[in-house]
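S.K.: sequence? don't have it. structure:
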């Protein structure tokens, strides 16, 4: 009986060892898959960060271009605004002719009746 118990014990140990080997191999596969997914996620985050950086750089350059255009156009815009204000002031005042510009009115000759 002791021999039989030992055989059962050996079989049980062998079965348990095979099960553990399979479980360990499966765990290793899961670990490797998780590491690969982790690396892919890391690369995805890195790629996303690079894209965000590129967009921010482009946006900054666009803002710089707008600022430079504003600086270039500002003197012309100010001059135009001054001219418009001057014209508006002139148009809002009653138009008076100087004496040299007024027609000389002469009395009309009397008409015969």
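M.R.: Arrived safely, thanks for sending. Please read all numbers here as calculations on a predicted model, not as lab measurements.

S.K.: Sketch out the helices for the chain, chain order is fine.
M.R.: With helices called from DSSP state H, the chain shows them at 2-92.

S.K.: any weak-confidence spans in the protein?
M.R.: Applying pLDDT under 70 to the chain picks out residues 1-3, 95-113.

S.K.: ok, now with 90
M.R.: Scanning the chain for pLDDT under 90 picks out the ranges 1-10, 12-14, 91-113.

S.K.: Tell me how far residue 31 lies from residue 25.
M.R.: 11 Å (C-beta to C-beta, to the nearest Å). Heads up, the C-betas are built off the backbone N, CA and C, glycines and all.

S.K.: Residue 57 now?
M.R.: For residue 57 relative to residue 25 (C-beta to C-beta), the value is 48 Å.

S.K.: any idea how far residue 91 lies from residue 85?
M.R.: Distance from residue 91 to residue 85, by C-beta to C-beta: 11 Å.

S.K.: Likewise for residue 18?
M.R.: Using C-beta to C-beta, residue 18 is found at 96 Å from residue 85.

S.K.: same deal with residue 56?
M.R.: Counting by C-beta to C-beta, the separation of residue 56 from residue 85 is 41 Å.

S.K.: One more: residue 25?
M.R.: In this view, residue 25 and residue 85 are 86 Å apart by C-beta to C-beta.

S.K.: Ok, residue 8 next?
M.R.: To residue 85, residue 8 is 109 Å away according to C-beta to C-beta.

S.K.: can you check residue 37 too?
M.R.: 67 Å.

S.K.: same thing with residue 72?
M.R.: For residue 72, the distance to residue 85 equals 22 Å [C-beta to C-beta].

S.K.: what's the answer for residue 64, then?
M.R.: In terms of C-beta to C-beta, residue 64 sits 31 Å off from residue 85.
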